[in-house]
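> Would you be able to build a 3D model of this:
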Amino acid sequence: MRHEPFDRVPVFCQLSIGHYMLRCGREPHRIWFSPGDFAASLGELAARYDFDGVLVNLPGRPPDWEGLVASIATLSDETRILWKGGGLTVCPSADNAHYQGGPPRPTLDEVDPSLLYYIEAHGITEVSYPFSFDFAPPGFEKGPAFFPDYYLDTLKSAIAGFGGERHVSAEVMSPFTQLMELLGYSEGLMALMDDPDKCERVLAALAEGSAELAVLQSRVGADAILVSSAFAGGGFLSLEQYRRFVQPFEKAVVERVHRESKLPIYVHSCGAIGDRIEAMVETGYDGIDTMDPPPLGNTDIEAVKRDFGDRIFLKGNLDPVNLLLHGSEDEVRGRAVELIRKVGKGGGYILSSACSVSPRTDPRNIAVLAEASRNEARIN
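Have a look, this model is predicted:
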């Protein structure tokens with residue numbers, strides 16, 4: 001990430017939550033709700049696939065979360081959890097859990113930007129407005145105290161378990177993603193057209209909380225910060241919209257992280273991002289993740305390496321669907337070797353799936369990545 005000398009190209013894929021559920025032998029709902037179980041799963045599969053790093057992309061939970069459960073019913077393909085505080089969580093055997101029973105999403109007209117700071121989309125309950133964590137009543141003060149004491153427990157558990165041995169990236173949601181989660185994606189995209197000025201005020205408020213969380217993560221020992229900006233590609237936003245509704249607010253997060261922690265901070269954006277790579281570099285990011293190739297995206301990673309490789313690190317470009325999920329070991333190995341030889345030279349490249357690895361991807365197709373990296377190091 002810092003373009004330091006290296007002995008081989010590092011390997012570090014983001015695995016889907018469903019992949020952990022299928023491959024770790026733990027009850028799926030415990031991977032979703034137990035910080036210790038999820039952190040242990042991160043370490044277990046990183047060791048199995050010989051990854052050099054992991055991404056901690058679920059928050060901590062209340063220490064007594066099991067005491068909040070009214071009942072658990074395990075079915076053939078999902079677990080259903082009824083909560084004492086109301087509502088139902090459906091946890092599939094290989095996918096993110098979904099809470100049912102929360103209040104309707106607000107409209108933009110109903111939202112007061114002064115009551116926003118950070119929106120956690122993966123909490124126990126549904127996203128609410130005013131936002132509150134895990135059945136807690138609304139009401140907050142901005143700053144570190146906004147986040148519950150347990151919020152960083154998953155990250156702390158991962159760092160304690162294998163930090164130092166492996167890189168540990170922490171994750172914050174971009175302000176734009178939070179806006180979409182708050183309003184709903186269709187309604188959020190319409191809001192950009194109907195009242196762009198108010199959307200900007202909302203995004204500015206959410207950028208403050210995102211930056212605060214990133215700094216807190218750096219202080220407990222994260223090695224880098226990932227800004228999850230998954231829905232900022234060309235399939236959702238024009239470049240003009242990206243420059244107005246995404247870039248300035250992510251830039252505020254990046255600048256505070258650089259000012260207060262000096263950690264690398266990089267962005268995860270899916271799909272067609274070829275026309276906004278330059279804007280991402282201008283934002284101040286140290287690296288760009290996914291780099292989806294056609295047909296999932298339109299990134300020419302060799303061109304990005306040529307034009308920006310001295311300013312940012314690159315991560316990804318392995319097609320997680322057509323190659324990792326549906327391809328053969330030989331096909332995966334061949335593409336991995338091609339990327340190592342074409343963009344790995346000189347450093348600043350992390351061999352990785354473009355987006356997250358599908359739940360049912362054959363583990364042999366994942367393990368071959370580290371094998372390819374080590375073999376190329378020996379050859380060279």
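
> What strand or helix carries residue 277?
Here residue 277 sits within helix 277-283, counting by DSSP states H and E.

> starting at the chain centroid, how far to that helix?
19 Å (CA atoms, centre = their mean, to the nearest Å).

> low-scoring stretches of the chain, by residue?
Counting by pLDDT under 70, the chain contains low-confidence residues at 380.

> please redo it, this time with the cut-off set to 80
139-140, 378-380 (pLDDT under 80).

> Going by neighbour count, which residues in stretch 18-38 are buried?
18-24, 26-35, 37-38 (16 or more other CB atoms under 10 Å). Glycine gets a C-beta too; all of them are placed from N, C-alpha and C.

> The host helix or strand of residue 373: which residues count as buried?
Residue 373 belongs to helix 363-379 when assigned by DSSP H and E. By neighbour count with 16+ other CB under 10 Å, helix 363-379 contains the buried residues 365, 366, 367, 368, 369, 370, 371, 372, 373, 375, 376.

> measure the first one to residue 319 for me?
Between residue 365 and residue 319 the computed distance is 11 Å (CB to CB, to the nearest Å).

> How about residue 203?
31 Å.

> Same check on residue 28?
26 Å.

> Next up, the contacts around the residue nearest in space to the middle of the chain.
Central residue of the chain (CA atoms, centre = their mean): residue 228, 4.5 Å from the mean position. Residues in contact with residue 228 (CB atoms under 8 Å, 6 or more residues apart in numbering) are 57, 171, 172, 173, 174, 177, 268.

> what's the closest non-adjacent residue to the fourth one?
Meaning residue 173. Excluding its sequence neighbours, the residue lying closest to residue 173 (CB to CB, 6 or more residues apart in numbering) is residue 228, at 5.3 Å.

> Quick check: bridge partners of that neighbour?
residue 173, residue 268 (DSSP bridges).

> Just the residues contacting the helix or strand containing residue 203, thanks.
Using DSSP H and E, residue 203 falls within helix 196-219. Residues from elsewhere that reach helix 196-219 (CB under 8 Å, 6+ apart): 108, 111, 113-114, 116-119, 142-144, 146-147, 152, 155, 170, 172-176, 178-179, 182, 191-192, 225, 227, 244-245, 249-250, 252-253, 256-257, 260-261, 263, 265.

> any idea how far the residue lying closest to residue 17 once chain neighbours are set aside lies from residue 377?
Excluding its sequence neighbours, the residue lying closest to residue 17 (CB to CB, 6+ apart) is residue 96, at 5.4 Å. Distance, residue 96 to residue 377, using CB to CB: 36 Å.

> just the strands in the chain please.
53-56, 69-74, 78-83, 88-92, 98-100, 167-173, 224-228, 265-268, 287-290, 313-318, 349-353 (DSSP state E).

> Mind putting these into a markdown table with distance to residue 328?
As requested, those are exported to a markdown table (distance: least, CB to CB, whole Å):
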| stretch | distance to residue 328 |
| --- | --- |
| strand 53-56 | 26 |
| strand 69-74 | 35 |
| strand 78-83 | 31 |
| strand 88-92 | 28 |
| strand 98-100 | 34 |
| strand 167-173 | 29 |
| strand 224-228 | 30 |
| strand 265-268 | 27 |
| strand 287-290 | 23 |
| strand 313-318 | 14 |
| strand 349-353 | 16 |
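
> closest to residue 340 out of those strands?
strand 349-353 (6.4 Å; CB to CB).

> Determine the set of other helices and strands touching that closest one.
For strand 349-353, the elements it packs on are strand 313-318, helix 329-343, helix 363-379, judged by 3 or more CB pairs under 8 Å, 6 or more residues apart in numbering; DSSP states H and E.

> Kindly recompute the last result at 6 Å.
strand 313-318 (3 or more CB pairs under 6 Å, 6 or more residues apart in numbering; DSSP states H and E).

> Would you list the strands that the strand it packs on pairs with, along with their directions?
strand 287-290 (parallel), strand 349-353 (parallel).

> List of residues touching that strand?
Contacts of strand 313-318 with the rest of the structure, by CB atoms under 6 Å, 6 or more residues apart in numbering, involve 1, 287, 289-291, 293, 301, 348-350, 352-354.

> out of the residues you listed, what pair is the most spread apart?
The most widely separated members of the contacts of strand 313-318, counting by CB to CB, are 1 and 293 (21.4 Å).

> Columns distance to residue 43 and mean neighbour count on top of the strands paired with strand 313-318, output as a markdown table?
Output for the strands paired with strand 313-318, formatted as a markdown table (distance: least, CB to CB, whole Å; neighbours: other CB atoms under 10 Å):
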| stretch | distance to residue 43 | mean neighbour count |
| --- | --- | --- |
| strand 287-290 | 21 | 26 |
| strand 349-353 | 18 | 27 |
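
> That concludes my questions; thank you for your assistance.
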